[in-house]
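Trainee: Give me a model of this one.
(2 chains)
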Number of protein chains: 2
Amino acid sequence: MQVYNAPIRDMRFVLQELIGIGDYPEIPGLEEVTPDLADAILEESGKFCTEVLLPLNATGDEEGCVLENGVVRTPKGFKEAYKAFAESGWTAMASAPEWGGQGLPESINKLVEEMSCAANLSFGLYPGLTHGAYQAIVDHASEELKQTYLPKMVEGTWSGTMCLTEAHCGTDLGLLRTRAEPQDDGSYKITGSKIFISAGEHDLTENIIHLVLARLPDAPKGVKGISLFLVPKFLPNADGTPGQRNGVTCSGIEHKMGIKASATCQMSFDEATGWLVGEPHKGMRAMFTMMNSERLSVGVQGLGAAEAAYQGAVAYAKERLQGRSLAGAKHPDKPADPIIVHPDVRRMLMTMRANVEGCRALGGWVARNLDMMKHHPDPETRKEAEDFTALMTPIVKALFTDLGFETASIGMQVYGGHGFIRDHGMEQYVRDSRISMIYEGTNGVQALDLVGRKMPAHMGRYLRAFFHPALAEIDAAIDDDRLSDLVQPLSKAFGGLQLCTAEIAQKGLRDPEEAGAAATEYLRLFGLVALGVMWLRTAKVAHAALDGECDDPEFYKAKLVTAQFYMTRILPQAAGLVAAIRSGKSAMMALDEMAF
Amino acid sequence: MQVYNAPIRDMRFVLQELIGIGDYPEIPGLEEVTPDLADAILEESGKFCTEVLLPLNATGDEEGCVLENGVVRTPKGFKEAYKAFAESGWTAMASAPEWGGQGLPESINKLVEEMSCAANLSFGLYPGLTHGAYQAIVDHASEELKQTYLPKMVEGTWSGTMCLTEAHCGTDLGLLRTRAEPQDDGSYKITGSKIFISAGEHDLTENIIHLVLARLPDAPKGVKGISLFLVPKFLPNADGTPGQRNGVTCSGIEHKMGIKASATCQMSFDEATGWLVGEPHKGMRAMFTMMNSERLSVGVQGLGAAEAAYQGAVAYAKERLQGRSLAGAKHPDKPADPIIVHPDVRRMLMTMRANVEGCRALGGWVARNLDMMKHHPDPETRKEAEDFTALMTPIVKALFTDLGFETASIGMQVYGGHGFIRDHGMEQYVRDSRISMIYEGTNGVQALDLVGRKMPAHMGRYLRAFFHPALAEIDAAIDDDRLSDLVQPLSKAFGGLQLCTAEIAQKGLRDPEEAGAAATEYLRLFGLVALGVMWLRTAKVAHAALDGECDDPEFYKAKLVTAQFYMTRILPQAAGLVAAIRSGKSAMMALDEMAF
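Mentor: Numbering: from 1, shown residues only, chains lettered A, B, ... in the order given. Model (predicted):
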């Protein structure tokens, strides 16, 4: 049996103590976002996830989606759960009030997303994709398309997809072949095949709105000749109800390692009617709006899986009796001690805990910046927040999903053989979380985005959006005796990051393959340092709370211990990454293709 | 479609150039083991694995095992494949001639095991377990039991199992409850339930011989009261044919993450007739004979999965066209370059390659020692070989299986989205290999075995069996200019290992929890250094070959590049492990149980 209770206390800590949403009510557009409101939302969402979504997680995995005569049936209970989800307003939460949304900030939305992905990742994908499509339409579509589609998508009766990948091209979209023929009425006829389309067909909503990348007849070759089209499953009637069936069908669904309750569809577009979104040949830009939002959400999926695995592992480690504590029996009344007494089990639990809480904190920092770039009245602050978000998007995506999978696998390890069998549901977290390292751009692509685009952009301006506050955080702690154990390893890792940044920038100018060769290790190094900064900030907050009057000192003491664990047992990995990065591309690129 | 061709060239390198089996014909009992014989066996085994076992790997995973009315049906084709396997003599290869075996050395056997586990891990488990049971019977059972059971097990018509785990105890066997009542005729009635029994019931052989841990009526509590019994599924008739059905039945099979074609059974013993193997209450010792042999084999399973994943990844990386080389188009005639041109894909392939070839080399070193401890005429040499094997067994088990799973996951990543769907079979390697980190003692238990038993044993004598030859290898290379790039990082990592060894030994004496807290990172550090030693030795051999006349210089040049990759991109992880180990247990153990 899988267990999950939303970690409300820690989420509240991130929101209110770490990233400080206390000032939100002073910011135009966020006037209503009080701490009480945030609490109420977290509580409600947590309840819904535990009561409605969690029970469908293992059964959904067992049953999977079924395609019959072009219709995809989601597992038992998903339709009802989705209806309840939409009716409770969760699909509208992150959307703008003008389209029927609640306009809540990303700091809260991302935590709510974490909960649904922790309780049921397959389920969480359906509304998540709709929200990405919503965002691309808001930013790029005509007023008419907005009016027709957004309200239905916000209320959750219609859902959305992203149709990018074709069988021969995933990462390299320049190769795509789907074509769009302009019609006299201003619409287009879309023809082509797409694969790996999450939620391409299903039975949860009345209509499905596909955002499709395709080429116009006069399109230049490569990525500069790609346009974005909106293609609904049913063409809307004048009254807004779904009308005639459009020429888009699901020709197959994938059998996958995990997220089996999420329909991954092969889609055929056969002269399907669509409308241009944004300008001709500028489809990649419009799609990236969607993609960037999705990339952060995919990172949060990794975090969700890690949290669920952590809770499962803790429950088992307290209950399973094997052996005796090396420090002498802790529970002499029982035939053996629970395995949580063993250092190696502690190592696993503490690693999971440090990963989960660290990522949640870092995710909070990024989410606050998402809110600032959207709402802050000062253009300079908005700009800085945008830089920071652009920089951190690939890091959050790749780091959180790598750690998500690693953490899920550790959780399974805590169970021993009982983790490998299906009964406890631990192996499902491993299988489900694995996809997050791949989709929305593989983690290798994220690393290339970091070193190839984000690092050199505007003479390193994006980098400064992280380096300046990180250095300030370290400098402010350097004379605090209580923090010196934490600052020391962090300073060292930060120095390594600075050094590698300078070297990669320099070498990469001369030889882009040098940047490519460093990319993945550099992203991990950057991520580890960013987590370290959050742990340092966490420790400061914890000390301050313990110095004053606080209701739950144990919570803050645990934060201090976990910060120490992170700095002394995990962050030292930075040294190896620095050495690997600095060794350059030579051994990596020396072999001839034929030697493999 | 999965691909696998046995890496014969590399295996021959390990056998004949790296660990040097050229002297085997001079050793009593190994007179016939010539290089030509070794080659012929590798070729034959490779052919069988590719032609017979590989095609059943994906179908076996899809179909799984089925339990109906107490009978387990293996997937289509397994029965025929097993018959062919036994008839070709593969079940007899590693067994002693006096029981019908071919008495071939472990250096060859382990490579043959690697092949079958690479081609079809589920299949490989069946004969693997039989051989473990064979070994325990050879070492501990009465002459009568040997005569009755061994010939049939060696020829493969009967198979074997290890029945240890019960629902409430896996690692802590002291808790086990299965009991054995002595009978007047010298036999015992065994009653109890076991879980996770691989090959506990199946349709591949005429009879199944269970080795069962149970307690005698007068047994002391804990592990010192456990005895080992032989319990056949069918009681043999006087003429050696399977006779009356014994009171042992399969009451359920597990639904698992992977190795679905391997039947994992719940077994019920209901006054089943059995015979004592070894002395009363000394069952753990007898079982450890079996377990140690199995642990090395499980390590080899990790290596096999890694090799198969590597081959799949290479094939795809050469064929899949996406993007252009950062150094300018490599295949301008094609719409895009194959992804093998990209540094990040190279990073993945080189990491996999370094893992696979490094583990094969280290496995070879251990296997040579297995052969020496059994066959060498000099007792001192036998003793040293035994020390080395005892020390390296937990390292091979945990390191190879950790790296096996990591490597399989990297292989899947090379495929992007195509790796997550079932069609290419890459995700199966991830699911299948995951169990190897758990069974035959979790990798955490291996780490405790290393720091808690092997490290302190005989005042560090086991350690010296590795440290002395490793240091000699490094010292002999230190003045060779061509090796200095390799020796430098290795010396540093070796120094870190020495330091940590001394500190753990010292701290562990005072506080065993300190040793426990260091265990997993220490094992990984040890493993990385051991791989480094093998890469240094490999580089020496490669230089020597290139200095002389050699037919395939490309092979040796690739070895030099991969050695450099290992030393500069992977081995630097040692620095972080050293720091983590030295930080001690405090952050790991500080939280109260209730704080989790």
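Trainee: Phi first, then psi, for whatever residue of the stretch 301-450 of chain A ends up closest to chain B.
Mentor: In the stretch 301-450 of chain A, no residue comes nearer to chain B than A:Pro343, which is 3.4 Å away by CB to the nearest CB. Where you see a C-beta, it was placed from the backbone N, CA and C, and this is true even at glycine. Backbone torsions of A:Pro343, given as degrees, to the nearest 10, read phi -50, psi -40.
Trainee: Report the contact partners of the spatially closest residue to it that is not a sequence neighbour.
Mentor: Distances taken as CB to CB, 6 or more residues apart in numbering or on different chains place B:Gly516 nearest to A:Pro343, at 3.4 Å, with adjacent residues excluded. Contact analysis of B:Gly516 by CB atoms under 8 Å, 6 or more residues apart in numbering or on different chains lists A:Leu326, A:His342, A:Pro343, A:Asp344, B:Leu448, B:Val451, B:Gly452, B:Lys585.
Trainee: can you pull out the helices in the stretch 201-350 of chain A?
Mentor: In the stretch 201-350 of chain A, the segments counted as helices under DSSP state H, counting those that start in this stretch are A:283-319, A:343-375.
Trainee: looking at these, which one has the lowest mean pLDDT?
Mentor: Among the helices of the stretch 201-350 of chain A, helix A:283-319 has the lowest mean pLDDT, at a mean of 92.
Trainee: how about that helix: buried residues?
Mentor: For helix A:283-319, the neighbour count (16 or more other CB atoms under 10 Å in any protein chain shown) marks A:283-284, A:286-287, A:289-317 as buried.
Trainee: where does A:Leu381 land on pLDDT?
Mentor: You called it Leu, but residue A:381 is Thr. Per the predicted model, pLDDT is 96 at A:Thr381.
Trainee: how many other residues sit next to it?
Mentor: When neighbours are counted by other CB atoms under 10 Å in any protein chain shown, A:Thr381 registers 15.
Trainee: Quick check: which element contains it?
Mentor: Assigned by DSSP states H and E, A:Thr381 belongs to helix A:379-414.
Trainee: Tell me which other helices or strands that helix touches.
Mentor: Judged by 3 or more CB pairs under 8 Å, 6 or more residues apart in numbering or on different chains; DSSP states H and E, helix A:379-414 is in contact with helix A:283-319, helix A:343-375, helix A:417-420, helix A:426-434, helix A:443-448, helix A:461-477, helix A:512-547.
Trainee: So for the third one, mean pLDDT?
Mentor: Spelled out, it's helix A:417-420. 97.
Trainee: neighbours of A:Gln488, just the number please.
Mentor: Count around A:Gln488 with other CB under 10 Å applied: 13.
Trainee: what's the distance between it and B:Gly495?
Mentor: Distance of A:Gln488 to B:Gly495, given as CB to CB, to the nearest Å: 22 Å.
Trainee: what does A:Met350 give?
Mentor: Distance from A:Met350 to B:Gly495, by CB to CB: 28 Å.
Trainee: Let me know how buried whatever residue of the stretch 51-200 of chain A ends up closest to chain B is, in neighbour terms.
Mentor: Going by CB to the nearest CB, chain B is nearest to A:Asp172 of the stretch 51-200 of chain A, at 4.0 Å. Neighbour count of A:Asp172, defined by other CB under 10 Å: 19.
Trainee: contacting residues around it?
Mentor: A:Asp172 neighbours (CB under 8 Å, 6+ apart): B:Leu321, B:Gln322, B:Gly323, B:Ala336.
Trainee: Just give the nearest non-adjacent residue to it, would you?
Mentor: A:Asp172 sits nearest to B:Gln322 (CB to CB, 6+ apart), 4.0 Å away.
Trainee: Could you do A:Ile259 as well?
Mentor: A:Ser122 (4.7 Å).
Trainee: Does that neighbour touch A:Lys256 like I think?
Mentor: No. The pair formed by A:Ser122 and A:Lys256 falls short of the contact definition of CB atoms under 8 Å, at 10.2 Å.
Trainee: How is chain A partitioned into domains?
Mentor: If you go by automatic domain parsing, the domain ranges for chain A are A:54-88+A:120-281, A:288-306+A:350-402+A:430-582.
Trainee: just these: most buried one?
Mentor: Most buried of those, by mean neighbour count (mean count of other CB atoms under 10 Å in any protein chain shown): domain A:288-306+A:350-402+A:430-582, with a mean of 21.
Trainee: Just the endpoints, please. Distance across it?
Mentor: 32 Å (CA to CA, to the nearest Å).
Trainee: what's the spacing between the lengthiest strand in chain A and its chain's center?
Mentor: Longest strand in chain A, counting residues (DSSP state E): strand A:264-277. In terms of CA atoms, centre = their mean, to the nearest Å, the centre of strand A:264-277 is found 26 Å from the chain centre.
Trainee: Which other helices and strands does that strand contact?
Mentor: Secondary elements touching strand A:264-277 (3+ CB pairs under 8 Å, 6+ apart): helix A:121-140, strand A:179-182, strand A:188-198, strand A:207-214, strand A:227-232, strand A:248-253.
Trainee: Identify the residue nearest A:Val52 in space, chain neighbours excluded?
Mentor: Looking at A:Val52 with CB to CB, 6+ apart, the closest residue is A:Ala81, at 5.1 Å.
Trainee: My error: substitute A:Ala457 in the last question.
Mentor: A:Ala390 (7.6 Å).
Trainee: okay, the one you found: pLDDT?
Mentor: pLDDT at A:Ala390 comes out at 95.
Trainee: any idea how far A:Leu450 is from it?
Mentor: 10 Å.
Trainee: Identify the contacts common to the two.
Mentor: With CB under 8 Å, 6+ apart, A:Ala390 and A:Leu450 have no common neighbours.
Trainee: Where in chain A is the helix or strand with the lowest mean pLDDT?
Mentor: helix A:283-319 (a mean of 92; mean pLDDT, DSSP states H and E).
Trainee: That one - contacts with which helices or strands?
Mentor: Using 3+ CB pairs under 8 Å, 6+ apart: helix A:283-319 touches helix A:106-119, helix A:121-140, strand A:158-163, strand A:207-214, strand A:227-232, helix A:343-375, helix A:379-414, helix A:426-434.
Trainee: what lines up beside the fifth one in the sheet?
Mentor: Strand A:227-232 has the following strand partners under DSSP bridges: strand A:207-214 (antiparallel), strand A:264-277 (antiparallel).
Trainee: Helix, strand, or coil at the residue nearest to A:Gly425 when sequence neighbours are not counted?
Mentor: Excluding the flanking residues, the one nearest A:Gly425 by CB to CB, 6+ apart is A:Gln2, at 3.8 Å. The three-state assignment at A:Gln2 reads coil, by DSSP: H, G, I helix; E, B strand; the rest coil.
Trainee: Might you report the residue contacts of A:Gln2?
Mentor: A:Leu54, A:Asn57, A:Ala58, A:Ala308, A:Gly312, A:His424, A:Gly425, A:Gln428.
Trainee: Looking at those residues, which is nearest B:Lys397?
Mentor: For the contacts of A:Gln2, the closest approach to B:Lys397 (CB to CB) belongs to A:His424, at 23.8 Å.
Trainee: isn't that closest one right up against A:Tyr415?
Mentor: Yes. Using CB under 8 Å, A:His424 makes contact with A:Tyr415 at a distance of 6.0 Å.
Trainee: list residues touching both of these two?
Mentor: A:Gly312, A:Tyr316.
Trainee: neighbour count winner among the two?
Mentor: A:Tyr415 (25 against 20).
Trainee: Now do that one against A:Ser88, distance only.
Mentor: For A:Tyr415 relative to A:Ser88 (CB to CB), the value is 33 Å.
Trainee: Nice, that's everything, thank you.
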